[in-house]
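>>> next input, structure requested:
(one chain, ligands or ions: 1)
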Amino acid sequence: MHKNESERAGAPKKALITGITGQDGAYLAEFLLAKGYEVHGIKRRASLFNTDRVDHLYQDPHEQGRRFFLHYGDLADASNLIRIIQQVQPDEIYNLAAQSHVQVSFETPEYTANVDALGALRMLEAIRILGLEKKTRFYQASTSELYGLVQEVPQTEKTPFYPRSPYACAKLYAYWITVNYREAYGMYACNGILFNHESPLRGETFVTRKITRAMARIYLGLQDCLYLGNLNALRDWGHAKDYVEMQWLMLQQETPDDYVIATGEQHSVRDFVQAAARELGMTIEFSGEGVDEKGVNPANGKTIVAVDSRYFRPTEVETLLGDPSKGKEKLGWKPKISFRELVAEMVRADLEEAKKEELCVRAGFCVNTPQE
Ligand SMILES: Nc1nc2c(ncn2[C@@H]2O[C@H](COP(=O)(O)OP(=O)(O)O[C@H]3O[C@H](CO)[C@@H](O)[C@H](O)[C@@H]3O)[C@@H](O)[C@H]2O)c(=O)[nH]1
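The predicted structure is shown next:
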């Protein structure tokens, strides 16, 4: 495996993670700290802390031998990125920050392009401006959304792209600029084409977390109904914890390359709802086919899942299925956590959250939890 300057000098390797407060950032930071890295993360300034996912990694600035550092920054701010990279002198950069919600990108296309497309360019340019092309390895969080209107099943590193949202169009630029800087300047830059990856740390408005959170709340009587969009959408869902290992592996090779990260297994949104319900011992039925179908609880005849067209996208990605053979062969990687285990873990975690909420409600503390 590749050894760099820092390791040869006996110092810990340094990693810089953009998007460290997100799901993947948190798992990756934990993973790299366990490997002995010094980990630096960039977080955006907000009026709330927004560091819940990495709070357990926080080290008091007065402690000696700290290996975890957070810096204020933003992918829209080039001079700030240059300053942080100059200060940290990272061996590896993981560019995970993004406006990552596909539906939201239809409402904020320009912002999404600025952060997701130009943000990647700003990072690559910063490395070049600082003359770190030979030192700093770069990972770009690319996405299966690039395949959009799929041209081939399953999708591999060679499948043509057909983006279907402002988000995917921005990510298409980021993918190609990463390839271009690799070819033009000999940089060690890689794209991980990640299929959907979930966990209890997933944001609440992505469909899996929305489902597990709602089912747990319905189970405890805190919510009546779950409104969803396209129940027929098919996704290749893996566990985020498995996928961050692959992100790291990509930067440890002799030569840089692009890889699909996926499970090779596909399920529909409807399957996910049913799997979550099963974990809670709830049986729901979807009556009839088509978009107006309703999930009914046979125990009391109540509708617990209903379709709301508000969640339909102007252009939908109907089906995604990845072929991770290249990563398996070249990097010796394979996902360890099954679909069933993923759903079970998410449901368990959300049931714990819902129980806390129930306790507050019963004790008279009114919490108005959003149900988006
Ligand atoms: N969010 C959401 N999606 C819904 C809903 N109902 C149905 N869906 C469908 O569920 C599918 C998955 O939606 P998301 O969980 O929002 O994820 P995504 O659009 O596939 O994008 C995620 O995965 C990409 C990797 O392929 C990532 O690149 C992207 O950032 C995001 O994490 C989509 O087809 C969406 O239309 C709903 O109520 N909410």
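>>> tell me which stretches of the stretch 251-372 of the chain form helices.
With DSSP state H, counting those that start in this stretch as the criterion, the stretch 251-372 of the chain has helices at 269-279, 325-331, 339-362.
>>> give me the distance between residue 161 and residue 145.
Distance, residue 161 to residue 145, by CB to CB, to the nearest Å: 9 Å. In this view, the C-beta of every residue, glycine as well, is placed from N, C-alpha and C.
>>> out of those two, which sits in the busier spot?
Neighbours were counted for residue 161 and for residue 145 using other CB atoms under 10 Å; residue 145 has more, 25 against 20.
>>> correct me if wrong, but that one is in a helix.
Yes - under DSSP: H, G, I helix; E, B strand; the rest coil, residue 145 falls within a helix.
>>> setting aside sequence neighbours, what's the nearest residue to it?
residue 168 (4.1 Å; CB to CB, 6 or more residues apart in numbering).
>>> I figured that neighbour hits residue 148, correct?
Yes - if you go by CB atoms under 8 Å, residue 168 and residue 148 touch, sitting 5.5 Å apart.
>>> what's the overlap in contacts for these two?
Common neighbours of residue 168 and residue 148 (criterion: CB atoms under 8 Å, 6 or more residues apart in numbering): residue 317.
>>> of those two, who's got more company?
Neighbours per residue, other CB under 10 Å: of residue 168 and residue 148, the larger number sits with residue 168, 24 against 20.
>>> mind giving me the packing neighbours of whichever strand or helix holds the more buried one?
Residue 168 is part of helix 166-185, with elements assigned from DSSP states H and E. On a contact count with 3 or more CB pairs under 8 Å, 6 or more residues apart in numbering; DSSP states H and E, helix 166-185 meets helix 102-107, helix 109-112, helix 119-129, strand 137-143, strand 189-194.
>>> ranking the helices of the stretch 251-372 of the chain by burial, who's on top?
Comparing the helices of the stretch 251-372 of the chain by mean neighbour count (mean count of other CB atoms under 10 Å), helix 269-279 comes out on top with a mean of 21.
>>> how about that one as CSV, C-alpha atoms only?
Output in CSV follows, covering the C-alpha atoms of helix 269-279 (Å, rounded to 0.1, in the frame of the first residue of the first chain):
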residue,chain,number,x,y,z
VAL,A,269,-39.2,2.4,-2.2
ARG,A,270,-42.3,0.3,-1.5
ASP,A,271,-40.0,-2.7,-0.5
PHE,A,272,-38.2,-0.4,1.9
VAL,A,273,-41.5,0.6,3.5
GLN,A,274,-42.5,-3.0,3.9
ALA,A,275,-39.1,-4.0,5.3
ALA,A,276,-39.3,-1.2,7.9
ALA,A,277,-42.8,-2.2,8.9
ARG,A,278,-41.7,-5.9,9.2
GLU,A,279,-38.9,-4.9,11.6
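>>> tell me if that helix is near the ligand.
Yes - on the criterion CB under 6 Å from any ligand atom, helix 269-279 is in touch with the ligand at residue 269.
>>> now the angle from that helix to helix 339-362?
70 degrees (axes from the mean of the first three to the mean of the last three CA atoms, to 10 degrees).
>>> contacts for helix 269-279 next, please.
Residues contacting helix 269-279 (CB under 8 Å, 6+ apart): 207-208, 211-212, 215, 226, 228, 230-233, 235, 237, 267, 283-284, 286, 295, 305, 339-340, 343-344, 346-348.
>>> would you mind checking these for buried ones?
Among the contacts of helix 269-279, those that count as buried by neighbour count (16 or more other CB atoms under 10 Å) are 207-208, 211-212, 215, 226, 228, 230-231, 233, 235, 237, 267, 284, 295, 305, 339, 343-344, 346-347.
>>> of the residues you listed, which ones also sit close to the ligand?
Contacts with the ligand within these, counted by CB under 6 Å from any ligand atom: 207, 228, 230, 233, 235.
>>> what bridges to the second one?
It refers to residue 228. Partner residues in beta bridges with residue 228, using DSSP bridges, are residue 307.
>>> got the contact list for it?
207, 210-211, 269, 273, 305-308, 311.
>>> relative to residue 126, which of those is nearest.
Nearest to residue 126 among these: residue 207, at 34.3 Å, using CB to CB.
>>> distance of the closest residue to that closest one other than its chain neighbours relative to residue 275?
Counting by CB to CB, 6+ apart, residue 269 is the residue found nearest to residue 207 once chain neighbours are left out, at 5.8 Å. Distance of residue 269 to residue 275, given as CB to CB: 11 Å.
>>> what does the stretch 101-250 of the chain have sitting close to the ligand?
Residues of the stretch 101-250 of the chain lying close to the ligand (CB under 6 Å from any ligand atom) are 102-103, 143-145, 194-196, 205-207, 210, 228-230, 233, 235.
>>> low-confidence stretches in the chain?
Applying pLDDT under 70 to the chain flags residues 1-8, 288-292, 366-372.
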